[in-house]
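# heads up, no residue letters with this:
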């Protein structure tokens, strides 16, 4: 099986870094603050952050401070990339599955994301950037993601694994986990997920 792993809120703390960068550059001028990262319950950032339009938000995120948001963000959990690298080696040794990092990036977020992966010494051999949500699934059998729109775009015959976060509570998936660490560390759980033919929604606690 070819397993795709997305970055935001799976390996990279995107929301936390966006909030930090927003408060650094925007909040001092507007006086508008977001009280808590956990209150950000949607990927539609215009609902939470003070921008006049989507174009203004995109200019801020993908042009003006891309390196700070996408490149200087932290990993989602302490030592996560080290553990992910070990997982990659184990999967490669087993010769049953392939891992691909797949992320929706545009403009300056692409080199910034490559910097993020480089600074953490990510050893993934397969990295793919997409712009359309349905393109996440190209060439994949399984996708591990937090992205509601990517989950919604799942084709028939594919397997979705949702990593729970505040903004995807209502998103349907074949399996849901609280962290990618559960998938990486629990071989029996991983085998159950990958070897089960999915017909209905199932919740993994």
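Now that the structure is in, tell me what you want to look at. Being a predicted model, the structure only gives us computed values, none of them experimental. Numbers count the residues shown, from 1 in each chain.
# can we go C-alpha only for contacts and neighbour counts from here?
Will do.
# state the next helix or strand along the chain beyond the least confident helix or strand in the chain by mean pLDDT.
Scoring the helices and strands of the chain by mean pLDDT, DSSP states H and E places helix 27-30 at the bottom, with a mean of 56. Helices and strands here follow DSSP states H and E; after helix 27-30, the next one along the chain is helix 54-59.
# buried residues of that following helix, list them for me.
Residues of helix 54-59 classed as buried: residue 57 (neighbour count, 16 or more other CA atoms under 10 Å).
# ok, stretch 180-200 next?
Buried, per 16+ other CA under 10 Å, within stretch 180-200: 180, 181, 183, 184, 193, 194.
# check which residues of the helix or strand where residue 16 lies are buried.
Per DSSP H and E: residue 16 is located in helix 14-25. By 16+ other CA under 10 Å, the buried positions in helix 14-25 come out as 14, 15, 16, 17, 18, 19, 20, 21, 22, 23.
# average pLDDT for it?
Helix 14-25 shows a mean pLDDT of 84.
# can you check stretch 53-69 too?
Computed over stretch 53-69, the average pLDDT equals 86.
# output the contacting helices and strands for whichever helix in the chain runs longest.
If you go by DSSP state H, the chain has its longest helix at helix 80-94. Under the contact definition 3 or more CA pairs under 8 Å, 6 or more residues apart in numbering; DSSP states H and E, helix 80-94 sits against strand 98-104, helix 180-185.
# now do it against strand 98-104, angle only.
140 degrees (axes from the mean of the first three to the mean of the last three CA atoms, to 10 degrees).
# who touches helix 80-94?
With CA atoms under 8 Å, 6 or more residues apart in numbering as the test, helix 80-94 has contacts from 11, 75, 97, 98, 99, 120, 121, 122, 123, 124, 181, 184.
# correct me if wrong: the second one contacts residue 13.
Right, residue 75. Yes - judged on CA atoms under 8 Å, residue 75 makes contact with residue 13 at a distance of 5.6 Å.
# which one is residue 7 nearest to, not counting chain neighbours?
Nearest residue to residue 7 in three dimensions, chain neighbours excluded: residue 103, at 6.0 Å (CA to CA, 6 or more residues apart in numbering).
# check contacts around the one you found.
6, 7, 8, 128, 129, 130, 136.
# quick revisit: want to throw the helices and strands packed on helix 80-94 into CSV with mean pLDDT?
CSV is the format used below for those (pLDDT from 0 to 100):
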stretch, mean pLDDT
strand 98-104, 93
helix 180-185, 92
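# tell me the domain boundaries of this structure?
The chain is divided into the following domains under automatic domain parsing: 2-12+76-105+123-194, 14-71.
# of those, which is nearest residue 113?
domain 14-71 (5.3 Å; CA to CA).
# first vs last residue of that closest one, how far apart are they?
Counting by CA to CA, to the nearest Å, you get 10 Å between the two ends of domain 14-71.
# ok, back up a step: hey, what's the residue nearest to residue 7 bridged with?
As for beta bridges, residue 103 partners with residue 129 under DSSP bridges.
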